[in-house]
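In: what's the 3D shape of this:
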Amino acid sequence: MYSFDQQTPGLSTKSWLCQVLKYLGQGMQCVLVTIVETKGSTPRNVGAQMVITADEIWQTIGGGALEFDLMSRANVMLAGSGSGAWGRDFIKVTLGPDMGQCCGGSLSLLLEKFGPTEETTLKVIAAVANADTKLAHPFVDSIPLRVVKSVEQSNRSLVILPVDRRQVPLFIYGAGHVGRAVVPRLYGLGFEVFLVDVAASRFPANDGNTASHLVAKRPEILAGRAPAGSVHLVMTHDHALDEAICHTILSRGEFGFLGLIGSATKKARFVRRLRQAGVTPQIMERLVCPIGIAEINDKAPNMVAMSVAAQLAMWLQATGNCWSESCEPMGVSGVKDG
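Out: Okay, here's the model as predicted:
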């Protein structure tokens, strides 16, 4: 049986720190751009970050003219040879007058240059950091990043931000057509996806390494061992197995979201049986069935998958766990219009 590590995990590959260290390991200097303050309407919120090298960008702070301007500023920083260690630039931008963008707000941004001089310190931070670690980013040159160990808050000389965002564990029970279709639609949302089924032969040969495959002869036991706060999507080939998995999750009560594929009739039958099995009405109300948003009612697997992904994106936003866009680097010519 798969055993989940209940301790705080290290950094995810979606952390800006992991991406910066990847670039540095390839011999590429880079600039981290962070939004540290916003007023009015802006394309992204405080904490949004992107990394810029001479050849590509990772993530986005909103695109448009602002992003092109930041790329130019970053290239100047990258070309400079005498800026010393921990080079920084702090700027304030009003999007309408300064950039001609339709957003009428303003924002402050911090640009931090990383090269070989900073690499050792970044590696030390990465070795001890996890999703709960916060770093102090000074606004002036020459002062290193540091881990914040107290209740220190941002001020006029620095901003304190988490180094990572914790991924939400998400379990899909059933590697059938819908389960397989859901997996790629969840990429970039901030989930750690596990595709669960009773036999290895039921998994797809290649799903882009976007989900871990877990073989469980009794998936309901695995569900009982999932980390608290996990998301569960139940869509196996067997209604009795679906019910057993739901019973375990609901009885335990420590889940973030529980979705069951099926009709209102299936839900009514499950609710009656699970109530007889001792599940309380308060917990039972959290069972979502049918799954997906009402605006998409097509039952084709890909359409169901998109509907479920949209529903989970809304859940992430409502619970404050919303991640940013896909974390794949793209060439500097790929900046979005805005």
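
In: tell me the secondary structure for Q19?
Out: With DSSP: H, G, I helix; E, B strand; the rest coil as the basis, Q19 sits in helix.

In: what about it, distance to G229?
Out: Remark: distance between Q19 and G229 (C-beta to C-beta, to the nearest Å) = 26 Å. C-beta: built from backbone N, CA, C; applies to glycine.

In: quick one: which of these two has more around it?
Out: When neighbours are counted by other C-beta atoms under 10 Å, Q19 and G229 differ, and Q19 comes out ahead with 21 against 14.

In: Residue most distant from the centroid, the protein?
Out: Q276 (37.8 Å; C-alpha atoms, centre = their mean).

In: Quick check: phi and psi on it?
Out: Backbone torsions of Q276, given as degrees, to the nearest 10, read phi -70, psi -30.

In: And the pLDDT at it?
Out: On pLDDT, Q276 comes in at 95.

In: what does M330 give?
Out: M330 is given a pLDDT of 42.

In: from now on call the first residue 23
Out: Happy to do that; since the first residue is 23 now, the last one works out to M352.

In: what residue ranges in the stretch 173-322 of the chain are flagged as low confidence?
Out: Confidence mapping of the stretch 173-322 of the chain against pLDDT under 70 gives the ranges 229-231.

In: ranges for the helices of it?
Out: Assigned by DSSP state H, counting those that start in this stretch, the stretch 173-322 of the chain shows helices spanning 199-207, 241-246, 261-274, 286-298, 303-306.

In: Specify the stretch among these that is closest to V173.
Out: Checking the helices of the stretch 173-322 of the chain against V173 by C-beta to C-beta gives helix 261-274 as the closest, at 32.9 Å.

In: Show me what that closest one is in contact with.
Out: 195, 241-243, 245-246, 248, 254, 256-258, 277, 280, 282-284, 288, 292, 295-296, 299-301, 305-306, 308-309 (C-beta atoms under 8 Å, 6 or more residues apart in numbering).

In: Buried ones from the residues you listed, can you make that a ChimeraX selection?
Out: The following ChimeraX line selects those of those that are buried, judged by 16 or more other C-beta atoms under 10 Å:
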select :195,241,242,245,248,254,256,257,258,277,280,282,283,284,288,292,296,301,305,309
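
In: correct me, but L211 touches A331?
Out: Yes - the pair L211 / A331 is scored as a contact, 7.3 Å apart, by C-beta atoms under 8 Å.

In: what's the nearest residue to M336 if we skip its chain neighbours?
Out: I315 (7.5 Å; C-beta to C-beta, 6 or more residues apart in numbering).

In: actually V215, not the one I wrote
Out: Closest residue in space to V215, ignoring its immediate chain neighbours: A233 at 4.1 Å, by C-beta to C-beta, 6+ apart.

In: For the one you found, give me phi and psi.
Out: Per-residue torsions, A233: phi -150, psi 150 (degrees, to the nearest 10).

In: Count the residues that sit near it.
Out: So A233, with other C-beta under 10 Å, has 26 neighbours.

In: Tell me where the stretch 123-272 of the chain has strands.
Out: Ranges of strands in the stretch 123-272 of the chain, per DSSP state E, counting those that start in this stretch, are 128-136, 156-160, 168-170, 180-184, 190-195, 213-219, 234-237, 252-256.

In: Pull the CA coordinates from the helix or strand where A335 lies and hand them back as CSV.
Out: For A335, the host element (DSSP states H and E) is helix 323-341. The C-alpha trace of helix 323-341 is given here as CSV (Å, rounded to 0.1, in the frame of the first residue of the first chain):
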residue,chain,number,x,y,z
PRO,A,323,-15.1,12.6,-21.6
ASN,A,324,-13.1,15.7,-22.7
MET,A,325,-16.1,18.0,-22.1
VAL,A,326,-16.7,16.4,-18.7
ALA,A,327,-13.0,16.9,-17.9
MET,A,328,-13.0,20.5,-18.8
SER,A,329,-16.2,21.0,-16.7
VAL,A,330,-14.5,19.4,-13.7
ALA,A,331,-11.3,21.4,-14.1
ALA,A,332,-13.3,24.6,-14.2
GLN,A,333,-15.2,23.6,-11.1
LEU,A,334,-11.9,22.8,-9.3
ALA,A,335,-10.4,26.1,-10.4
MET,A,336,-13.4,27.9,-8.9
TRP,A,337,-12.9,25.9,-5.7
LEU,A,338,-9.2,26.8,-5.5
GLN,A,339,-10.0,30.5,-5.9
ALA,A,340,-12.8,30.3,-3.3
THR,A,341,-10.5,28.6,-0.8
